[in-house]
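K.L.:
coords below, sequence missing:
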């Protein structure tokens with residue numbers, strides 16, 4: 001038996017396992033980022049709806065919503081929003 005091949009094969013297998021684990025972690029991190037982005041979008045759309053209704057809102061509350069909506073517009077251009 002050629003022990004050099006065994007060691008090389010084992011080393012490659014360990015490398016492949018590490019890469020698969022890293023890909024799994026990256027995939028989960030991406031899924032979590034998408035989930036957070038969608039939650040953020042939902043919150044902003046809810047605030048837009050409240051802003052449009054506008055009933056009983058104080059001037060400072062409307063100003064806060066306006067600032068939040070402007071920040072959302074700057075942070076998340078339409079092309080980057082997740083599809084519904």
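P.N.:
Yep, it's here. Remember, it's a predicted structure, so these values are computed and weren't measured experimentally. Residues are numbered from 1 along each chain as shown.

K.L.:
buried stuff in stretch 10-19?
P.N.:
Across stretch 10-19, burial judged by 16 or more other Cβ atoms under 10 Å covers no residue at all. Any C-beta I mention is one placed from the backbone N, CA and C, and that applies to glycine too.

K.L.:
next one: that stretch to chain centre, how far?
P.N.:
Offset of stretch 10-19 from its chain centre (Cα atoms, centre = their mean, to the nearest Å): 29 Å.

K.L.:
quick one: contacts of stretch 45-59?
P.N.:
Here stretch 45-59 makes contact (Cβ atoms under 8 Å, 6 or more residues apart in numbering) with 62, 65, 66, 68, 69.

K.L.:
give the buried residues for it.
P.N.:
Within stretch 45-59, judged by 16+ other Cβ under 10 Å, the buried ones are residue 51.

K.L.:
ends of it, what's the gap?
P.N.:
Using Cα to Cα, to the nearest Å, one end of stretch 45-59 lies 20 Å from the other.

K.L.:
cool, and stretch 45-60?
P.N.:
19 Å.

K.L.:
lowest average confidence, helix or strand, in the chain?
P.N.:
helix 59-75 (a mean of 73; mean pLDDT, DSSP states H and E).

K.L.:
any idea how far that helix is from the middle of the chain?
P.N.:
The answer for helix 59-75 is 21 Å, by Cα atoms, centre = their mean.

K.L.:
now do stretch 36-56
P.N.:
18 Å.
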